[in-house]
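model this:
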Amino acid sequence: MQGYTDIRTQGLVARLPAAWRPYALLARLDRPIGSWLLVLPGLWAFAAVAPSWAEGLRLTLLFAIGAIAMRGAGCVVNDLWDRDIDRRVERTRNRPLAAGTVTPFQALVFLAGLCLVGLLVLVQLNPAAILFGLCALLPILLYPLAKRVTNWPQAMLGLVFSWAGPQGVVAATGRLDAVALLLWAAGFCWILGYDTIYAHQDREDDAAVGIGSTALRFGERTRPFLAACYAATLAFLAGAGWAAGLSWVYLPGLLLPAALLARQVLTLDIHDPAHCLRLFKANREVGLAVALAFLLGRL
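Okay, the predicted model is just below:
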């Protein structure tokens, strides 16, 4: 694992003015997969219950902007908490706060700007969705602490990253109903699985610095745990389709994401961090396939 990092300084980041690049890296703009994974449960909600195509597209645009801003804000909060730990972990030691290219005060100012963007998006939603969105702030702030006190920080991330599912339902319908709760549960189990794969990149370093993860908790037994998480994900998704009154076409539509998830379970190699990262990133296609299944169920 020596020298391994998932920071990317090429592409979009390389085209930015030099003074902007540390902030782009701080917000993880070099790795858009996080924004995709944050917004995808919201896309499931819009595909399942949006009252019209126009409203679904409007909400998708708002949630996409909000996901980029709030994913960036969450990363700033995480790096502020973890900057001392990050210096001791191979994959993260070059993050801007850990490396000193951004000061904590500069990061706080940047965080305020990202939160302002998120607030401007939030106020475009109905009152119930605004209130529900504000409730997400506490778990976002607490997530970086979870790894210090439990082997289940992925569960806290699952709670946070699945928030767009129920919030999407509330934004589209004005109510928190069975569809919202089932999407929340499906998203939680999905995230618990894929973030365990992600955590295997840092397993040895995490053990050395004394922080917890489900990767450390399950180790060589990760494959059956992952299979259980993904099976629960599909079961909750099937329930969400039933609660939303979708047609029978929805269930065959779930075969594609089921196959993609099964591939992750079967090919997992916890000793290859680059492979773990590829499997983690493959969940964008899983999430899009689930949204497609919801759309098919409404035809």
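
what's the span of stretch 197-212 from first residue to last?
14 Å (C-alpha to C-alpha, to the nearest Å).

so where do the helices sit in the stretch 151-299 of the chain?
Using DSSP state H, counting those that start in this stretch, the helices assigned to the stretch 151-299 of the chain run over residues 153-161, 164-173, 178-199, 203-209, 214-218, 222-243, 250-253, 255-267, 273-281, 283-297.

reformat the ones you listed as a markdown table; add mean pLDDT and mean neighbour count.
Where C-beta positions appear, they are placed from N, C-alpha and C, glycine not excepted. Output for the helices of the stretch 151-299 of the chain, formatted as a markdown table (pLDDT from 0 to 100; neighbours: other C-beta atoms under 10 Å):
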| stretch | mean pLDDT | mean neighbour count |
| --- | --- | --- |
| helix 153-161 | 91 | 23 |
| helix 164-173 | 97 | 27 |
| helix 178-199 | 97 | 25 |
| helix 203-209 | 79 | 16 |
| helix 214-218 | 93 | 20 |
| helix 222-243 | 98 | 20 |
| helix 250-253 | 97 | 19 |
| helix 255-267 | 98 | 17 |
| helix 273-281 | 94 | 19 |
| helix 283-297 | 98 | 21 |
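
show me where pLDDT drops low in the stretch 1-150 of the chain?
Low-confidence segments of the stretch 1-150 of the chain, defined by pLDDT under 70: 1-9.

which residues in it form helices?
Secondary structure of the stretch 1-150 of the chain by DSSP H, counting those that start in this stretch: the helices cover 12-15, 21-26, 33-49, 53-86, 96-99, 104-122, 127-134, 137-149.

quick check: angle from the longest one to helix 283-297?
Computed by axes from the mean of the first three to the mean of the last three C-alpha atoms, to 10 degrees, the angle separating helix 53-86 from helix 283-297 equals 160 degrees.

what angle separates helix 53-86 from helix 164-173?
For helix 53-86 against helix 164-173, the angle between stretch directions is 150 degrees (the same axes, to 10 degrees).

list the buried residues in helix 53-86.
Going by neighbour count (16 or more other C-beta atoms under 10 Å), the buried part of helix 53-86 is 56, 59-60, 62-79, 81-83, 85-86.

show me the contact partners of stretch 279-286.
Residues from elsewhere that reach stretch 279-286 (C-beta atoms under 8 Å, 6 or more residues apart in numbering): 33, 36-37, 40, 190, 194-195, 197-198, 257, 260-261, 263-264, 267-268.

closest one to A24 among the helices of the stretch 151-299 of the chain?
Each of those has some distance to A24 by C-beta to C-beta; the shortest is helix 273-281, at 18.8 Å.

export that closest one as CSV, just CAs?
The C-alpha coordinates for helix 273-281 follow below in CSV (Å, rounded to 0.1, in the frame of the first residue of the first chain):
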residue,chain,number,x,y,z
PRO,A,273,-6.8,-1.1,-2.5
ALA,A,274,-7.0,-0.1,-6.1
HIS,A,275,-9.5,-2.9,-6.9
CYS,A,276,-11.6,-1.8,-3.8
LEU,A,277,-11.7,1.7,-5.2
ARG,A,278,-12.9,0.5,-8.6
LEU,A,279,-15.6,-1.6,-7.0
PHE,A,280,-16.7,1.4,-4.8
LYS,A,281,-16.9,3.6,-7.9
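
many thanks, we can stop here.
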